[in-house]
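*Asks:* Okay, here's the prediction I keep looking at, along with the sequence it came from:
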Amino acid sequence: MRDHGDGGGDQDAEGERDRHGWLRCLLAGAVFVVCMAGTTLPTPLYPLYQQEYGFSELTVTVVYAVYAFGVIGVLLLAGNASDTVGRRPALLWGLGFAAASAVCFLLADGLTWLYAGRLLSGLSAGLFTGAATAYVMELAPPGGASRATLVATAANMGGLGCGPLLAGLLAEYAPEPLLLPFAVHLTLVAAAALVLLRLPETVTDRRPLSTVRPQRPALPPQVRAVFVPASIAAFVGFALFGVFTSVSPAFLARYLHVDNHAVSGLVVALAFFASTAGQLAVGRVGVARSLPLGCAVLFTGLVLLAGALYTDQLALIVLAALVGGTGQGLAFRAALSAVARAAPADRRAAVISTLFVVAYTGISIPVIGVGLLADPLGLEGAGLVFIACMLALIVPAAAYLLRRPIREPGDARRDERAS
């Protein structure tokens, strides 16, 4: 009986450790949500800034793209910083940049402040993207890697969706629409910093910041066959998000007469929430099928967006957000898994960083292109040209993946047994 009691006590202690582990994991996920929400917070406010400062659609897209340049810069220069200095210091720096970004928007009286705020937001996201994902997974109890990956994925894309939703609601139903969203976010960042300080560090072998070295993009030969179609899918998916988050509020207001900022924020948020659902589906569908399927769903989302631009139908915009977001989630998580699996272990981090650089290029260059074309062609015409270019990329990528599907981990072993 004593042995049975001792075993029960061990099980209780193990259960208690698991509960503490999941609590820490979820708290780290909440910190992740707060940071990522700040990166999309200005989305439904861009029409208000246009009215306030009188700038063009090109300026809106450049302000948005500055964020992507900040992310790319951090990924290239300090993407592995948290492996060296520790997760918490890197994430605290990320929250510091997020707070500085919010202050820039609170003080904004012209374009310079908006550029500074978006750049700082990009630096914050660049530090958080890899470090917070690793931190959430490391805080989970043993055997919880799959669920922890789900927490990290939901926190990342869910946070991106919460930003425009929060800002849209506050801008529509509360006073000071250009100030209150950032004041609220600054308060949330302060609370997130307090939570982070109570969580444990997971990197045991920490070194000084001076030992951090820039990461050069890497593409070993054995990765290239997978990387090219995977990176095209990532590029197109992120480009679609870039257009949704930079110019869709202006399109809704100008062509569909949707002046409700909460509705504009919700439309953008739906794309990010749908991406979360798409990423979750990869576990059931499998990586090999998810990448071509994601390309096909992205294709459908782009066609729906083209129909929305051509007919000025709000229902098609919503459908395009849901379908395009789902396709982006399917394609990007599958692309990330396939590229990581194909990369040699000693170069995996560099290869993944290269994929993220391509993805974030997708929310900068095409978006600026839309801004350049918006003046001579209008937003509708510029959007249709963008969609045509993205379709010209995604169709051959999907065709290649159908002809040469990505192999699942067990395929090689099955082939050996068959021979």
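*Replies:* Thanks, I have it. Residues are numbered from 1 along each chain as shown.
*Asks:* what secondary structure does residue 215 sit in?
*Replies:* Per DSSP: H, G, I helix; E, B strand; the rest coil, the local secondary structure of residue 215 is coil.
*Asks:* That one contacts residue 72, correct?
*Replies:* No: the pair residue 215 and residue 72 fails to qualify as a contact (Cβ atoms under 8 Å) at a distance of 11.5 Å. All C-beta spots, glycine's among them, are computed from the backbone N, C-alpha and C.
*Asks:* More neighbours: those two, which one.
*Replies:* Legend: neighbour count by other Cβ atoms under 10 Å for residue 215 and residue 72, higher for residue 72 (22 against 19).
*Asks:* Please identify the helix or strand for that one.
*Replies:* Under the assignment given by DSSP states H and E, the secondary-structure element containing residue 72 is helix 57-78.
*Asks:* which other helices and strands contact that helix?
*Replies:* The contact analysis (3 or more Cβ pairs under 8 Å, 6 or more residues apart in numbering; DSSP states H and E) places helix 57-78 against helix 46-53, helix 111-139, helix 221-255, helix 348-361, helix 365-403.
*Asks:* what's the least confident stretch among these?
*Replies:* When the helices and strands packed on helix 57-78 are compared on mean pLDDT, helix 348-361 scores lowest, with a mean of 80.
*Asks:* Format the helices and strands packed on helix 57-78 as CSV; extra columns: distance to residue 315.
*Replies:* As requested, the helices and strands packed on helix 57-78 are exported to CSV (distance: least, Cβ to Cβ, whole Å):
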stretch, distance to residue 315
helix 46-53, 21
helix 111-139, 31
helix 221-255, 12
helix 348-361, 29
helix 365-403, 17
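*Asks:* With mean neighbour count and distance to residue 194 added, can I get these in JSON lines?
*Replies:* Below are these laid out as JSON lines (neighbours: other Cβ atoms under 10 Å; distance: least, Cβ to Cβ, whole Å):
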{"stretch": "helix 46-53", "mean neighbour count": "16", "distance to residue 194": "31"}
{"stretch": "helix 111-139", "mean neighbour count": "23", "distance to residue 194": "16"}
{"stretch": "helix 221-255", "mean neighbour count": "23", "distance to residue 194": "29"}
{"stretch": "helix 348-361", "mean neighbour count": "21", "distance to residue 194": "29"}
{"stretch": "helix 365-403", "mean neighbour count": "18", "distance to residue 194": "35"}
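*Asks:* Which of those helices sits closest to residue 179?
*Replies:* Within those, the stretch nearest residue 179 is helix 46-53; the backing value is 11.0 Å (Cβ to Cβ).
*Asks:* which strands and helices sit next to that closest one?
*Replies:* Helices and strands touching helix 46-53, by 3+ Cβ pairs under 8 Å, 6+ apart, are helix 57-78, helix 221-255.
*Asks:* can you redo those helices as CSV with distance to residue 200?
*Replies:* As requested, those are arranged in CSV below (distance: least, Cβ to Cβ, whole Å):
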stretch, distance to residue 200
helix 57-78, 23
helix 221-255, 33
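*Asks:* From the rest of the structure, what touches stretch 61-74?
*Replies:* 39, 46, 111, 114-115, 118-123, 125-127, 129, 242, 245-247, 356-357, 360-361, 363-365, 367-368, 370-371, 374 (Cβ atoms under 8 Å, 6 or more residues apart in numbering).
*Asks:* Repeat the analysis, applying 7 Å as the threshold.
*Replies:* Identification of contacts with stretch 61-74 by Cβ atoms under 7 Å, 6 or more residues apart in numbering yields 39, 114-115, 118-119, 121-123, 125-127, 242, 245-247, 357, 360-361, 363-364, 367-368, 370-371.
*Asks:* what do you get for stretch 372-390?
*Replies:* With Cβ under 7 Å, 6+ apart as the criterion, stretch 372-390 contacts 56-58, 236, 239-240, 243, 247, 250-251, 254-255, 302, 305-306, 309, 366, 369-370.
*Asks:* try 10 Å
*Replies:* Outside stretch 372-390, the residues that touch it by Cβ atoms under 10 Å, 6 or more residues apart in numbering are 56-58, 60-62, 232, 235-237, 239-240, 242-243, 247-248, 250-251, 254-255, 298-299, 301-310, 312, 320, 362, 366-367, 369-371.
*Asks:* show me where pLDDT drops low in this protein?
*Replies:* Along the chain, the model assigns pLDDT under 70 to residues 1-14, 218, 345-347, 349, 407-419.
*Asks:* before we move on, back to that, next, show the common contact partners of residue 215 and residue 72.
*Replies:* When Cβ under 10 Å, 6+ apart defines a contact, the residues bordering residue 215 and residue 72 alike are 79, 353, 357.
*Asks:* Could you dump the residues you listed into a markdown table with distance to residue 135 added?
*Replies:* Supplementary listing: the shared contacts of residue 215 and residue 72 in a markdown table, determined by distance: Cβ to Cβ, whole Å:
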| residue | distance to residue 135 |
| --- | --- |
| 79 | 15 |
| 353 | 17 |
| 357 | 22 |
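*Asks:* out of those residues, who's nearest residue 294?
*Replies:* Distances from residue 294 to these, taken as Cβ to Cβ, are shortest for residue 357 (19.7 Å).
*Asks:* I'd say the closest one and residue 363 touch.
*Replies:* No: between residue 357 and residue 363 there is no contact under Cβ atoms under 10 Å: 11.6 Å.
*Asks:* who's in contact with residue 253?
*Replies:* The neighbourhood of residue 253, defined by Cβ under 10 Å, 6+ apart, consists of 44, 46-48, 50-51, 259-261, 263-264.
*Asks:* As CSV, the residues you listed with distance to residue 137 would be great.
*Replies:* Output for those, formatted as CSV (distance: Cβ to Cβ, whole Å):
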residue, distance to residue 137
44, 32
46, 34
47, 39
48, 38
50, 41
51, 43
259, 42
260, 39
261, 36
263, 36
264, 34
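*Asks:* quick one: which of these is nearest residue 158?
*Replies:* Top of the list for closeness to residue 158, among the contacts of residue 253 and by Cβ to Cβ, is residue 44 at 17.3 Å.
*Asks:* Residue 265 versus the closest one, what's the distance?
*Replies:* 4 Å (Cβ to Cβ, to the nearest Å).
*Asks:* More neighbours: which of those two?
*Replies:* Between residue 44 and residue 265, residue 44 has the larger neighbour count (other Cβ under 10 Å), namely 35 against 29.
*Asks:* Okay, and residue 155 sits in which element?
*Replies:* Element membership for residue 155, per DSSP H and E: helix 145-173.
*Asks:* again, but for residue 259
*Replies:* Assigning secondary structure by DSSP H and E places residue 259 outside every helix and strand.
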